[in-house]
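K.L.:
show me the folded form of this:
(2 chains)
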Amino acid sequence: MSDVRAAVVFDHVSKAFGAKQVLRDVSFEVPAGQVLCILGRSGTGKSVTLKLLMSLIKPDHGRILVDGDDITGLNEVGLSRVRRKMGFLFQDAALFDSLTLYENLALPLHRLTQKSPDEIESIIDRVLGQVGLSGDRKKMPSALSGGMRKRAGLARALVLEPKILLADEPSSGLDRITASEIDELLLGQKAEHGTTVLVVTHDVHGARRVGDRFAVFDKGDLIAFGTAAEVEQSEHETARKLISEQ
Amino acid sequence: MFDWIEFVGEVTLFGLRVIVDLFRPPFEGGQLLRQISETGAKSLPLVIASGFALGTVMTLHTRSTLVTFGAAATIPTVQALAFFVEIGPLVAGLLLAGRVGSGIGAVLANMRATEQIDGIESLSIDAFKFLVVPRVTACVIVLPLLTLFMDFAGLLGGYLSEWSASRITFELYITRAFANLEWSNFIAPTLKTAVFGFIIGTISSYFGYTTNEGAAGVGRAATRSVVLSSLLIILADVILVKLIFFAFPENAL
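P.N.:
Coordinates of the predicted model:
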């Protein structure tokens, strides 16, 4: 498998939790600047794929390469360096609930960059403007609606200008219009910054709109990978059903 | 049996990691101040009220016996020794285990369940240093200070109880209270509560930080934190009292 110009490479990755095999010998690569949508029924290892990529959990077997770095053997310092290249939008946003929205965004900027307070202020203003939360900077996460929390989580994921953006069900629980706004933000990130995006989603309509490639998981196996047209021709009925808009 | 040995090993390593990370930059000064406020300032009313009530009740109980033996003059001394040597440190530790231990366990377990800890890690921030080390350090710093408040609140409660019975003056009460009290009666027992603070912070953080049982785990982490912290405080007290007697033989009454 070639690692050249691939932003993300999964190379024969397996992961089990106890007796349950969550991923089984999964291999794929995502070229830089593309959007990969990961589809599959619940509990088939989609979110685990993102967490493996962020090294929040470790694979049992195989290699994972992020921007050319094999993260499976990295220590905390090395991981920290690789994580700087990535942003993660969690399913429930995972905002730090004792901090305001502004403080949530300022935290990584204060901790990981040498930027002045004015620069930090200006970055946060810009990112909050992008996600439409400029007027909510002083709110606590508990005071935000589901859609606002999702956008706030996206703002936090974008604040360090990641090369790779991971989004775990960014449109779940949202109305069609808000979900569409989130999709627009992801597409904008790809178009303006060349960001590589990996999206775990159940929203086929949104996935087909933003995705360049699709990975379909079933019971821990990667059963289909490719463009929408290629997945539609898959030999696996589950893959064809999941990519179908009907 | 093997599970217990494994558990003890994990908690020990967790505690050692706290000590190592405490001296490794970056230092979490802001988080530490926040936790001192959360742990210390918000526990103060509970500690003072408990100390005052215990001091009052203790004098009520001891007075009749000491008066019977013609030892009414020793009531302040008994009160001061009891509070400074044992009651203050132990009760302050148990109160903090209840109030703060359960809080730390529940907050960290909730952060784990809602992926906030993963969120912090994903930002390249060391979640252990950011969340655990300041909480344990705050417990270590705050508990000796809370113990002082407990001691003096107990003494004040004892004075008011004694004044209502004998109209003793405050000056005389204090003079008698401190007449037979050595510095070693005061300093070593107060400082031993730093160990209690370490136990509370470490055990509670361990249960909260390492739980992975979703929302159901939050309550369990809080309960386990209080139960094990309290038990270990009592066990540690026995050992530390022996060590204090070894270091200051004159303290052995």
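
K.L.:
what residues of stretch A:156-165 count as buried?
P.N.:
A:156-160, A:162-165 (16 or more other Cβ atoms under 10 Å in any protein chain shown). Any C-beta I mention is one placed from the backbone N, CA and C, and that applies to glycine too.

K.L.:
so where do the helices sit in chain A?
P.N.:
Applying DSSP state H to chain A gives helices spanning A:46-53, A:76-83, A:101-112, A:117-130, A:146-158, A:176-193, A:204-210, A:228-232, A:237-243.

K.L.:
out of these, nearest to residue B:154?
P.N.:
Residue B:154 lies closest, by Cβ to Cβ, to one member of the helices of chain A: helix A:101-112, at 40.2 Å.

K.L.:
quick check, distance from the closest one to the centre of its chain.
P.N.:
Computed by Cα atoms, centre = their mean, to the nearest Å, the chain-centroid distance of helix A:101-112 equals 19 Å.

K.L.:
where in chain A is pLDDT low?
P.N.:
Counting by pLDDT under 70, chain A contains low-confidence residues at A:1-4, A:245-246.

K.L.:
JSON lines for the buried residues of stretch A:156-165, including distance to chain B?
P.N.:
As requested, the buried residues of stretch A:156-165 are arranged in JSON lines below (distance: Cβ to the nearest Cβ, whole Å):
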{"residue": "A:156", "distance to chain B": "8"}
{"residue": "A:157", "distance to chain B": "8"}
{"residue": "A:158", "distance to chain B": "12"}
{"residue": "A:159", "distance to chain B": "9"}
{"residue": "A:160", "distance to chain B": "8"}
{"residue": "A:162", "distance to chain B": "10"}
{"residue": "A:163", "distance to chain B": "14"}
{"residue": "A:164", "distance to chain B": "12"}
{"residue": "A:165", "distance to chain B": "11"}
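
K.L.:
related to what we said a few turns ago, adding distance to residue A:20, write the helices of chain A out as TSV.
P.N.:
Formatted as TSV, the helices of chain A follow (distance: least, Cβ to Cβ, whole Å):
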stretch	distance to residue A:20
helix A:46-53	11
helix A:76-83	25
helix A:101-112	33
helix A:117-130	38
helix A:146-158	28
helix A:176-193	30
helix A:204-210	26
helix A:228-232	26
helix A:237-243	19
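
K.L.:
isn't residue B:21 up against residue B:134?
P.N.:
No. The pair residue B:21 and residue B:134 fails to qualify as a contact (Cβ atoms under 8 Å) at a distance of 10.2 Å.

K.L.:
how about the residue in the stretch 101-250 of chain B that chain A sits nearest to, nearest residue that isn't a chain neighbour?
P.N.:
Chain A sits closest to residue B:119 of the stretch 101-250 of chain B, with a gap of 3.5 Å, by Cβ to the nearest Cβ. Leaving out its chain neighbours, the residue that sits closest to residue B:119 by Cβ to Cβ, 6 or more residues apart in numbering or on different chains is residue A:94, at 3.5 Å.

K.L.:
what is the neighbour count of that neighbour?
P.N.:
Residue A:94: 25 surrounding residues under other Cβ atoms under 10 Å in any protein chain shown.

K.L.:
same deal with residue B:184?
P.N.:
When neighbours are counted by other Cβ under 10 Å, residue B:184 registers 15.

K.L.:
quick check: it touching residue B:191?
P.N.:
No. The pair residue B:184 / residue B:191 is not scored as a contact, 10.8 Å apart, by Cβ under 8 Å.

K.L.:
picking up where we left off before, show me what contacts the residue of the stretch 101-250 of chain B closest to chain A?
P.N.:
Residues in contact with residue B:119 (Cβ atoms under 8 Å, 6 or more residues apart in numbering or on different chains) are A:88, A:90, A:94-96, A:156.

K.L.:
identify the farthest-apart pair in the residues you listed.
P.N.:
So, the contacts of residue B:119 by Cβ to Cβ: farthest apart are A:88 and A:96, at 13.5 Å.

K.L.:
which one's more surrounded, the two?
P.N.:
More crowded of residue A:88 and residue A:96, by other Cβ under 10 Å: residue A:88, with 27 against 21.

K.L.:
which strand residues bridge the more buried one?
P.N.:
For residue A:88, the beta-bridge partners under DSSP bridges are residue A:166.

K.L.:
my guess is it meets residue A:50, correct?
P.N.:
Yes. If you go by Cβ under 8 Å, residue A:88 and residue A:50 touch, sitting 7.1 Å apart.
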